[in-house]
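Trainee: Give me coordinates for this.
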Amino acid sequence: MDLQTVGFVGLGNMGGRMAARLLASSRRVVGFDTSGVSPHADGVEFVASPAEVAGQVDLVLLSLPDSGAVEKVVLGAAGLLSAAREGQVVVDLSTAAPNSTVRLSAALAEQGVTLIDAGVSGGASAAQQGTLSIMAGGPAETLATIAPVLDVLSSRIFHMGTTGSGHTAKVLNNFLNGISLAATAEVMVAARKAGLDLEVFLDVVNSSSGVNFASLNRFPKIIHGDYLEGGLSSRLMMKDLLLYVDHVRELGVLSLNAAGCVASFGLANQLGYADQISNRVVDALGDLSGGIRLQD
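Mentor: Residues are numbered from 1 along each chain as shown. Next up is the predicted model:
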């Protein structure tokens, strides 16, 4: 398998940064994006369709917003399946519905193509630095074959099991991400309204049992007006949360804690923050709590 030329479909906020990492590793990247450009990866050789990407490479990476987009790229007119050939590998780095992933894997397998579902975590900063965590599902031997490419993008690769397990892990992780962000945002608005020194309060939280990713990595910046723009939008966070709710329902697992989190990001979307970074949920909560902002 040729791992020096890599196909990439979806070259936006995350995909573009990952493609830039591949280019920096002296690889050739053949790409397709509906916009026809990548704001983060100069040097991608753009072609006119996913099928044209598949026609030039053995390995295709996907970074797309949802399962509908992935299905269109794989199964649609001029999609990957129309040009697929025996021995190719498709790696889906999107956050996608596991049941859709399993169906796409079966369709690709009929053409002799292996699908690896590989959810990523770490956001735009980790994509740029090549320090993503990857949760992968699919054959272990295929994952080992393509590891030299994934190692350029990540600091750690977890093989979760069979097809769909990588996207399952990603959906579960993203729910925890969303709920910790929403809960910490609510608490920080309350701390501000109570007149607490927010730097000291964050030191308390991060030295105590309330510590979480948002309190450690997000709010020390947010309280000084840096919302870490460029990461997951509120609209995409809502998509991920609803993926979680749907998936645990399919598993027969109760989801008693999703309502508040979904409501928080629903509020953010309704108040105009849908296409801004999901960290702006703190402003949405602040808007309805008396116009509170964490920063002076």
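
Trainee: I222 contacts R293, correct?
Mentor: No - the pair I222 and R293 fails to qualify as a contact (C-beta atoms under 8 Å) at a distance of 9.8 Å. For the C-beta atoms, the positions are set from N, CA and C on the backbone; glycine is no exception.

Trainee: any residues in contact with both of those two?
Mentor: Common contact partners of I222 and R293 (C-beta atoms under 8 Å, 6 or more residues apart in numbering): none.

Trainee: Compare those two (neighbour count), which wins?
Mentor: I222 (24 against 14; other C-beta atoms under 10 Å).

Trainee: where does the chain dip in pLDDT?
Mentor: Scanning the chain for pLDDT under 70 picks out nothing.

Trainee: what's the longest helix in it?
Mentor: helix 165-193 (DSSP state H).

Trainee: So which residues of the stretch 51-200 of the chain form helices?
Mentor: With DSSP state H, counting those that start in this stretch as the criterion, the stretch 51-200 of the chain has helices at 67-75, 98-109, 123-129, 140-153, 165-193, 198-206.

Trainee: just so I know, which of those helices lies nearest A268?
Mentor: Of all these, helix 165-193 sits nearest to A268, with 9.0 Å by C-beta to C-beta.

Trainee: ok and that closest one relative to helix 198-206, angle-wise?
Mentor: Calculated by axes from the mean of the first three to the mean of the last three C-alpha atoms, to 10 degrees, helix 165-193 forms an angle of 130 degrees with helix 198-206.

Trainee: Can you list the buried residues in helix 165-193?
Mentor: Neighbour counts over helix 165-193 (16 or more other C-beta atoms under 10 Å) mark 165-175, 177-189, 191-192 as buried.

Trainee: so that helix versus helix 98-109, what angle?
Mentor: Helix 165-193 and helix 98-109 are oriented at 150 degrees to each other (the same axes, to 10 degrees).
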